[in-house]
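Participant: Here's my sequence, what's the structure:
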Amino acid sequence: MNVLLIGGSGFLSGAMARLAVTAGHRVWALTRGLRPVPQGVQALVADRHDTAALEHALRGSGQTFDLCVDCIAYRSEDMRQDVRLLPGIARHLVFISTDFVFDPSQRRFPQPAEHQAFLRDESYGAHKRRCEELLLATDPGSMRWTILRPCHIYGPGSQLGCLPQHGRDPELLARLRRGEALRLVGAGYFLQQPVFAEDLARIALACPRAAGAQDRIFQAAGPDVVESRRYYGTLAELLGVGLRIEEVPVDAYRAAHPEHVSFLCHRTYDLGPLAAAGLPVPCTPLIEGLRQHVLSLGVAR
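Facilitator: Below is the predicted model of the structure:
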């Protein structure tokens, strides 16, 4: 396939680029040019906040794409660019959304993709939902689309940590090695399904060829349902150290940090719809994915 990645030099998009190149696809990455793209990827340079420059880069490539994966659309205006510029250039659009779109006070277990209780504030998840709604309300002509809502994404290229106050904490492994107590909201009892970045990339790359994935929304989560503290405990085991946790009361943290409300709930999903649609089901066990993540940081036990 001809594959276009919007945001192709970042964490998730970088994993997608490397996987796509390895699979033999021809890959283009549209970035601001501030970081190198992975080997084997052709760079298209434009700032997506400059619509004219974005259009010039896309049209100037002279290419049509079997798949476009937008890894960075966050605001409604980002999706407006996609639905205006991509039809006629891309045969299939995959939008990477988030499981934070849901109102955490009305979640179900497991949470179905069709559930209609969404956040309506100015949070990250609410903005992603507005992007979804714009795509759902638009006729993109012959361009098909798929929306993927990942749970916590981890893997080489990102920082470790899945829960406040140690989410994406660059000092996390050092803290564990020093024997520091981790301050986790609710002592880390919230359930979630972290998804390995390469597993998510495999789903995205399979969407154009899966008939059941056309114009559908899927929850994209990992195979293991774990308490968040189990994630941190696995890291401690990989380092050969103990885990100490200091509980941060949920109500007090929620009151002080309403922007983090989407973390403060159980996040569990049924992966059956992915399989039924003919898409690859994430299969990397959490312990194996975290082992690869830790090794990528140059940290040995």
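
Participant: For Gly186, which residues are in contact?
Facilitator: Shown in contact with Gly186 (C-beta atoms under 8 Å, 6 or more residues apart in numbering): 247-250, 264. Just so you know, the C-beta spots here come from the backbone N, C-alpha and C atoms, and that holds for glycine as well.

Participant: Separate out the buried members of the residues you listed.
Facilitator: Neighbour counting over the contacts of Gly186 (16 or more other C-beta atoms under 10 Å) leaves 248, 264 as the buried ones.

Participant: Nearest to Val185 among the contacts of Gly186?
Facilitator: Val185 lies nearest to Val248 out of the contacts of Gly186, by C-beta to C-beta, at 4.7 Å.

Participant: Could you pull up phi and psi at that closest one?
Facilitator: phi -100, psi 120 (degrees, to the nearest 10).

Participant: Name the SS class of Pro140, please.
Facilitator: The local conformation at Pro140, judged by DSSP: H, G, I helix; E, B strand; the rest coil, is coil.

Participant: what's the burial count for it?
Facilitator: Counted by other C-beta atoms under 10 Å, the residues lying close to Pro140 total 17.

Participant: What pLDDT does the model give it?
Facilitator: Per-residue pLDDT puts Pro140 at 94.

Participant: And for Ala300?
Facilitator: Per-residue pLDDT puts Ala300 at 55.

Participant: Now intersect the contacts of Gly186 with the strands, please.
Facilitator: Secondary structure from DSSP state E places 247-248 of the contacts of Gly186 in strands.

Participant: Looking at the contacts of Gly186, which one is closest to Glu55?
Facilitator: Using C-beta to C-beta, the contacts of Gly186 come closest to Glu55 at Leu264, 40.5 Å.

Participant: quick one: contacts for that closest one?
Facilitator: Counting by C-beta under 8 Å, 6+ apart, Leu264 touches 104, 185-186, 190, 250, 253-254.

Participant: From these, which land in helices?
Facilitator: Using DSSP state H, the subset of the contacts of Leu264 located in helices is 250, 253-254.

Participant: Tell me the buried residues within the contacts of Leu264.
Facilitator: Buried subset of the contacts of Leu264 (neighbour count, 16+ other C-beta under 10 Å): 104, 185-186, 190, 253-254.

Participant: out of the contacts of Leu264, who's nearest Pro273?
Facilitator: Set against Pro273, the nearest of the contacts of Leu264 by C-beta to C-beta is Pro104 (21.2 Å).

Participant: Mind pulling the model confidence for that closest one?
Facilitator: 96.

Participant: Kindly indicate which of the contacts of Leu264 lies nearest Phe95.
Facilitator: Each of these was scored against Phe95 by C-beta to C-beta, and Pro104 proved nearest at 21.7 Å.

Participant: Run a quick neighbour tally on the nearest residue to that closest one once chain neighbours are set aside.
Facilitator: Nearest non-adjacent residue to Pro104, counting by C-beta to C-beta, 6 or more residues apart in numbering: Cys265, 3.7 Å away. Using other C-beta under 10 Å, the number of residues around Cys265 comes to 21.

Participant: And Cys265, how close does it get to Ala275?
Facilitator: Distance, Cys265 to Ala275, by C-beta to C-beta, to the nearest Å: 25 Å.

Participant: same deal with Ser61?
Facilitator: Ser61 is 35 Å from Ala275, by C-beta to C-beta.

Participant: Equivalent analysis for Ala213, please.
Facilitator: 11 Å.

Participant: Same drill for these two, tell me which one is more crowded.
Facilitator: More neighbours surround Ala213 than the other of Ala213 and Ala275, with 25 against 12 (other C-beta under 10 Å).

Participant: ok, Gln292 - contacts?
Facilitator: 155-156, 196.

Participant: Tell me the buried residues in the host helix or strand of it?
Facilitator: For Gln292, the host element (DSSP states H and E) is helix 286-296. Buried positions in helix 286-296, judged by neighbour count with 16+ other C-beta under 10 Å: 286, 289-291, 293-294.
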